[in-house]
Structures are given as C-alpha cells and as structure tokens.
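Participant: For reference, the sequence and a predicted model appear below.
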Amino acid sequence: MKKHLFYTLLMLISLTGCSSPKGNADTEKVEEGLPVINLSEGVEEVDKLNLSDAAERVEIVKLETTGQSLISDIEHIQVTNSDIWITHYKDQYVYRFSRDGKFKNRVGKIGQGPEEYTRLSSFWIDESSKEVYILSSVYGVKVYDYEGHYIRTLTNKKMDDMFTAEPSTNNPIISYKGLFLLCQNLAVSRDTEESLWSLALVDANFNKQKFFKNPAYIGREEQIIANGAGGSMLQWREMPVSTDYYNDDLTFKFADTDTIYYFDTTKKDLIPQYAIYTNEDKGDYGLTHESLRKRNAFSYFTLTGYYPTKDYIYLRGYKGETIYIYRYSKKDSSVQLVKRETGLRERNILNTKSYSLVDNAFVLNNDICGGKFTFNYRCSGKYWIQELDPDSSTYDKFLEELRRSPDVPQKQQLLDVIARTGEEDNPILLIAVLK
C-alpha cells in the first residue's frame, strides 16, 4: 500500500513538473503507467560506471594525416557503416575517412554558384541513398554524392528563413524516416512568442507544418523574450534540446523538463516515453538561467543530457561544482550514481563576469581500452565517440590516466597507436559501438 501511494504521489508531482517547492514548473502531462526514472529514492552511489555495460566494443581509429586531410578542432562527426565523416573549424568541407581512418576525399564546393556555398553550418549523411547533405547559412541545403559530386539543391531557403533563434549546434536539421524537423536553441533572436519553438516539422519545401515548444517556456514567454532577445552573451542562457536515435527511435528531452519523448511518425507528434523524478531543489527559473552572469545560478540541480542504450538510460547533470552521472536500469528501474568534483571558470566578457563549469562531460570508466571514456559526440543511435587530439590541453592528462589504469583488453593497442601519433597528427577516435 505504501509503495502504491508513493508512486501515485510521484505521478502527481511529475504532472506538475515540480521537483520541490522551489522547482521549475512546466506544463508537461505524464500518462498513467509511464515508466518513472526516480533520482531520489533508492539511488545507489558507486565509484564508477563501466563503458562495457553500454558498448559491445571500441574501435581505435587514427585518422590519416595527409596534405589534404589536416584536421583541426573537430566540429561534428558522423559514423556510417563504411565511413567516418568530419567537419572542423579550419575550412568549409566535409572530410570522408574509411572506418579504419584512411582519408578518402572531401565533399563540398565553395563559391557562389548554383552548386556551391560559402559557409557550411552543418551536414548529415543519408546511408540509404548514399548522399551528403550540407546546410549552408545562405544557400540552403546542397546535396552531394559520397565522392563529392553535386546532385541537387534540396531547398534554397536561407537559415534566417528557417530558424527564429540559434540553430542547434549538432543537428539543426533532423532527417528521420522521410521527414524533416528543424531544431533550434535559445537565446531568442526574434522578440515574438511565435519565435519560441524548439522543434518544427517541415514539408519537402521546408515550409513549417507544426511547432513543438519546450513546455518549460509556456507561461514564461514575455520573461524569456525580455531577458534573451538578441542572443547577447550577457543575457539568459537557455539549454539546447537533447536528441538521440538509439534503436532507430528519435527521442528528445527539452531543457528544464522532466520527460523524455519519442517522435511518432504516424501521429507526427511527441509521445512521452519516460518521466524523471527528483526532489532536488531546481531553483528559481530566472536565477538559474543567469548562469553566464551569476555564480550562485550553479547552486541548484540541473539535468543537462540523457543517453539511451539497450539496458540503461544515462543522465548527466550538476549541482554546484559536482557532476552527477546516473544510470537507470530498464530491467528493474534501479538507479546508480557516480559523482565527481569539478570547478567554476570565471571570465570577463565585455567587462562583465561570466561563469561556466570547468568540466561538465559525460564520463565513464573505460574498462575496454583503459583510462576514462569522455563522451564528445554521438551519432546514428549506434556510436559514442571520444576524440583524442594530440595537440589539445587534455591529451597529456588522458595519457597519464591511461598508463595508471588497470590492464584491460585493448589498453596496449591504444598505447601502441598513441606511440605512433605525433603532436601535429590528426586526432585518434575511440568509437564505442553500442549494444
């Protein structure tokens, strides 16, 4: 009876979206019987969570360094069955490597002609048609084949015509089972309530058909616009939408909310998949969104990401200078937690203090290769990727941890690859293949 009463209360709390008297309220509705990820009752705190519980293997890939494939500051990665695709800040091309790291070719044409673009904003790969889609800030979406030959222009719409705020960094255009969705972040760049959408379903001509707003924004539109209009770095910080494709299910979690949704292609709607409960104090909505300017904005509990796998759902969050990594078991609903300490970085931007966490990464114990597996990218719902850049400030620290870590199946293989890698070489990728 007590257990039944507890879960009844839990569902009522989830209905309101409040995690405590000072929690962030939203307008989400949780259906009866929806699985609840309980982060406050019966949580087991452990020393580590192993990568092997989520991944069946890790591929160690040293990207070939040639005169045509010098990679600096990787921006986005997509892994397909036969290739690795990369963009970086150095230029405006998509680089194609084999799965064992051999450079194949570049994709893209720079210029102002009908087959060209001047600024690459993002890209995605369609494996079924073997096509590369490149989103340009000015020239719409250009389509090329794997070898880099132009095929067609999907749309001529400029990004300013597609988005009303900052496009999502990793996936501004989501291609899923023949449908397209636009994904954008805030701060708000246009001062109308109509601009406050997070996802938009579009037709083949990229005309918007349906909008999906973050439930946490409902009732706060005027407040958000007043503090976020113009996208200034000195305004509120709004967290992006988290997206995943595990098991070929497109799922989302909006910032400041307590529900994971999946996208139903038949209904063309978001359907609740999991509810998340915590009794941690989430703080006042306005204060916690001033984290760029106020140190005490970090004093409250915030979830920043989720990562579904075959047997588990991982959640990442922070409170103060403590990082929380949860692992929820789909089998028995148990939850384990690893905590680690980080710090707050203080900088001056335009003569104003700005704050950010020194390390807010999703980190697991790499019991396959050794050291720590730091999640840098996800793609296709199949792969988690860690980038080891020999020219980065964190490379030496990783190497020290790797050498100190216990012997595991692929530790020596990784050490051998590192030994053959020079400071000017392209990064090494650890591609965790999910179960």
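Facilitator: Yep, it's here.
Participant: quick one: the helices in the protein?
Facilitator: For the chain, the helices defined by DSSP state H occupy 2-16, 159-162, 221-228, 285-288, 395-404, 411-419.
Participant: ok, residues contacting the second one?
Facilitator: Residues outside helix 159-162 that contact it (C-beta atoms under 8 Å, 6 or more residues apart in numbering) are 121, 135-138, 167, 172, 182, 202, 206. No exception for glycine: its C-beta is placed from N, CA and C like everyone else's.
Participant: Going by distance to residue 154, which of the residues you listed wins?
Facilitator: Using C-beta to C-beta, residue 206 comes nearest to residue 154 of the contacts of helix 159-162, at 7.9 Å.
Participant: what stretches of this protein score poorly on pLDDT?
Facilitator: 1-32, 187-190, 228-235, 291-292 (pLDDT under 70).
Participant: State the pair within the contacts of helix 159-162 that is farthest apart.
Facilitator: For the contacts of helix 159-162, and using C-beta to C-beta, no pair is farther apart than 138 and 202, which are 18.5 Å apart.
Participant: more crowded one of these two?
Facilitator: residue 202 (18 against 13; other C-beta atoms under 10 Å).
Participant: That one pairs with what?
Facilitator: Counting by DSSP bridges, residue 202 forms beta bridges with residue 180, residue 208.
Participant: Pretty sure it sits against residue 209.
Facilitator: Yes - applying C-beta atoms under 8 Å as the test, residue 202 and residue 209 come out as touching, 6.2 Å apart.
Participant: Between these two, which contacts overlap?
Facilitator: Between them, residue 202 and residue 209 share no contacting residue, judged by C-beta under 8 Å, 6+ apart.
Participant: ok, for the most centrally placed residue in the chain, nearest residue in space, not its chain neighbours?
Facilitator: Geometric centre of the chain, nearest residue: residue 242, 5.3 Å, by C-alpha atoms, centre = their mean. Distance criterion C-beta to C-beta, 6 or more residues apart in numbering; nearest residue to residue 242, sequence neighbours excluded, is residue 253 at 4.4 Å.
Participant: OK, contacts around residue 435?
Facilitator: So residue 435 contacts 54-56, 309-311 (C-beta under 8 Å, 6+ apart).
Participant: how near is it to residue 253?
Facilitator: The gap separating residue 435 from residue 253 is 21 Å, by C-beta to C-beta, to the nearest Å.
Participant: May I ask you to confirm that residue 58 is in contact with residue 409?
Facilitator: No - look at residue 58 against residue 409 with C-beta under 8 Å: they stay out of range, at 9.1 Å.
Participant: quick one: which of the two has more around it?
Facilitator: Neighbour count, other C-beta under 10 Å: between residue 58 and residue 409, residue 58 has more, with 23 against 13.
Participant: and the residue nearest to that one when sequence neighbours are not counted, how many residues sit next to it?
Facilitator: Nearest residue to residue 58 in three dimensions, chain neighbours excluded: residue 368, at 4.7 Å (C-beta to C-beta, 6+ apart). Residue 368 has 21 neighbours, counted by other C-beta under 10 Å.
Participant: Repeat that for residue 204.
Facilitator: Based on other C-beta under 10 Å, the number of other residues close to residue 204 is 10.
Participant: contacting residues around it?
Facilitator: Contacts of residue 204 (C-beta under 8 Å, 6+ apart): residue 180.
Participant: Tell me which residues touch the closest residue to residue 130 other than its chain neighbours, please.
Facilitator: Distances taken as C-beta to C-beta, 6+ apart place residue 146 nearest to residue 130, at 5.3 Å, with adjacent residues excluded. When contacts are counted by C-beta under 8 Å, 6+ apart, residue 146 touches 83, 96, 107, 130-132.
Participant: change it to 7 Å
Facilitator: By C-beta atoms under 7 Å, 6 or more residues apart in numbering, the residues touching residue 146 are 96, 130, 132.
Participant: again, but for residue 381
Facilitator: Residue 381 touches 244-248, counting by C-beta under 7 Å, 6+ apart.
Participant: Now render the residues you listed as JSON lines, adding neighbour count and distance to residue 151.
Facilitator: Output for these, formatted as JSON lines (neighbours: other C-beta atoms under 10 Å; distance: C-beta to C-beta, whole Å):
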{"residue": "244", "neighbour count": "20", "distance to residue 151": "29"}
{"residue": "245", "neighbour count": "17", "distance to residue 151": "24"}
{"residue": "246", "neighbour count": "17", "distance to residue 151": "30"}
{"residue": "247", "neighbour count": "13", "distance to residue 151": "30"}
{"residue": "248", "neighbour count": "10", "distance to residue 151": "25"}
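Participant: Could you list which of the residues you listed belong to strands?
Facilitator: residue 244 (DSSP state E).
Participant: and the gap between residue 424 and residue 417?
Facilitator: The gap separating residue 424 from residue 417 is 16 Å, by C-beta to C-beta.
Participant: again, but for residue 138
Facilitator: 40 Å.
Participant: same thing with residue 136?
Facilitator: Residue 136 is 35 Å from residue 417, by C-beta to C-beta.
Participant: more crowded one of these two?
Facilitator: More crowded of residue 136 and residue 417, by other C-beta under 10 Å: residue 136, with 22 against 18.
Participant: How about that one: what's its closest non-neighbour residue?
Facilitator: Nearest non-adjacent residue to residue 136 (C-beta to C-beta, 6+ apart): residue 117, at 3.5 Å.
Participant: thinking again about what came up before, my guess is the residue nearest to the centre of the chain meets residue 256, correct?
Facilitator: No - look at residue 242 against residue 256 with C-beta atoms under 7 Å: they stay out of range, at 11.7 Å.
Participant: backbone phi and psi for the residue nearest to residue 58, please?
Facilitator: phi -110, psi -50 (degrees, to the nearest 10).
Participant: Tell me who's in contact with residue 125.
Facilitator: By C-beta under 7 Å, 6+ apart, the neighbours of residue 125 are 78, 80, 85, 132.
Participant: farthest pair in the residues you listed?
Facilitator: 80 and 132 (10.3 Å).
Participant: Compare the two (neighbour count), which wins?
Facilitator: Shown here are residue 80 and residue 132; by other C-beta under 10 Å, residue 132 has more neighbours (24 against 18).
Participant: For residue 306, see how far away that one is.
Facilitator: 28 Å.
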